[in-house]
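Engineer: Predicted model follows, preceded by the sequence.
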Amino acid sequence: MNTLQIGNVTIEKTAALAPMASVTDHAYRVGCKRFGAAYLVGEMVSAKGITFGDKKSAALLTVTPEETPMAVQLFGTEPLVIAKAAEAAAKFSPQIIDLNMGCPVPKVAGNGSGAALMRTPQLAEELVRAAVDAVDIPITVKIRKGWDAQSVNAVEFAKRMENAGAAAITVHGRTRAQMYAPKADWDIIRQVKEAVQIPVIGNGDVDSPQAAAAMYEQTGCDLVMIGRGSYGRPWLFLQVAAYLKDGTLLPDPPAEERMACMLRHIRILCDDKGETVGMREARRHAAWYFKGERGAAALRNRCAALTAYAELQRLAEDFLRQQG
Ligand SMILES: Cc1cc2nc3c(=O)[nH]c(=O)nc-3n(C[C@H](O)[C@H](O)[C@H](O)COP(=O)(O)O)c2cc1C
């Protein structure tokens, strides 16, 4: 089996799940893991929040044994705070700690963290050094192409992070200014891969087995990372692995299995967060599972009104009856 190594962590060279705040929680991650996601990265967590002993931060850092290998992701701007947060995060037993240097949202980048760190590489280096010194698990960094079209610096920046001790770099091929559209630039991933010795994880717009294979081929990256392409399709990881192995294009699972998957996902979500919060969050997940189905608009409307798990069970039953 093809693998890559991040520090002492061995990862299958298929596809990883990207960190997505308010999406890739425990319930989402275990769903992807069941279908063979090679590596999981949790939602970003505020380093400051962790050091304040915030309960929500602790929930975000929790790693269950079935989620191995997994990274927790921190964001912050102060080396001392990052060091303390990394120490605290390591107690939750992730295999890796990732530092967020790509988040574009004003709440994060506006405070100098996330993607804004690409404009302060000296500080970014200090953060990596502080985290590396604080814990004995690998520290990795997730970056963008640059801040904007006038300041594309992923190659230079990645080299500095490597020198500071980062054990791997994930590159999302868009600038901060581009947020999540237009199409990701995979060439910048190739350029970073050619410039550093540590593993490079490629990210941006992989939404099919063929796209995953194309990213490996075009960039030479060590691992492909999938974000939005996995919405409502945790089985995509299995399809990518099969295609990379011998070109097999597995069909989506049959409707019964897709519904069982959705129900299992939302059951775990409700168990983790309680039915009220769980079902509110389930609305968009459920809509993603129904995307592209016949009668999608009506299904979406029912998803948007969900308040109880039993309603989702009925929705799945009605859907399967229509299919039959
Ligand atoms: C809703 C959402 C939340 C995200 N949250 C994070 C995050 O917490 N940390 C991070 O590094 N990137 C975050 N990202 C960026 C993704 O990890 C990924 O880089 C981006 O979506 C591009 O990959 P994709 O085209 O496969 O979705 C987020 C993206 C989305 C859409």
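Structural biologist: Looks like it arrived, so ask away.

Engineer: ok, residue 174 to residue 291 distance?
Structural biologist: With the distance defined as Cβ to Cβ, to the nearest Å, residue 174 ends up 23 Å from residue 291. C-beta here means a position set from N, CA and C on the backbone, and glycine is covered the same way.

Engineer: ok, and the closest non-adjacent residue to the residue of the chain found nearest the ligand?
Structural biologist: Nearest residue of the chain to the ligand: residue 227, at 2.7 Å (Cβ to the nearest ligand atom). Spatial nearest neighbour of residue 227, excluding adjacent residues (Cβ to Cβ, 6 or more residues apart in numbering): residue 18 at 3.5 Å.

Engineer: How about residue 103?
Structural biologist: In space, residue 103 is closest to residue 114, 3.1 Å off (Cβ to Cβ, 6+ apart).

Engineer: ok, how many other residues are close to the one you found?
Structural biologist: Counted with other Cβ atoms under 10 Å, residues neighbouring residue 114 total 26.

Engineer: list the helices and strands the helix ranked longest in the chain packs on?
Structural biologist: Ranked by residue count, the top helix of the chain under DSSP state H comes out as helix 255-273. Applying 3 or more Cβ pairs under 8 Å, 6 or more residues apart in numbering; DSSP states H and E, one finds that helix 255-273 makes contact with helix 26-34, helix 275-290, helix 309-323.

Engineer: can you list those helices in TSV and add mean pLDDT?
Structural biologist: Below are the helices and strands packed on helix 255-273 laid out as TSV (pLDDT from 0 to 100):
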stretch	mean pLDDT
helix 26-34	98
helix 275-290	98
helix 309-323	96
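
Engineer: Out of these, which is the most enclosed?
Structural biologist: When you average the neighbours per residue for each of the helices and strands packed on helix 255-273 (mean count of other Cβ atoms under 10 Å), helix 26-34 leads with a mean of 22.

Engineer: Mind giving me the packing neighbours of the helix or strand just after it?
Structural biologist: Downstream of helix 26-34, the first helix or strand assigned by DSSP states H and E is strand 40-46. Packing partners of strand 40-46 (3+ Cβ pairs under 8 Å, 6+ apart): strand 15-17, helix 26-34, helix 55-61, strand 70-75.

Engineer: got the contact list for stretch 158-172?
Structural biologist: Stretch 158-172 is contacted from outside by 6-7, 96, 98, 101-102, 121, 124-126, 128-129, 132, 138-145, 154, 184, 188-189, 192, 195-204, 221-222, 225, using Cβ atoms under 8 Å, 6 or more residues apart in numbering.

Engineer: quick one: average confidence on it?
Structural biologist: Across stretch 158-172, pLDDT averages out at 98.

Engineer: can you check stretch 145-154 too?
Structural biologist: 96.

Engineer: That stretch and the ligand in contact?
Structural biologist: No: Stretch 145-154 is not in contact with the ligand by Cβ under 6 Å from any ligand atom; minimum separation 11.1 Å.
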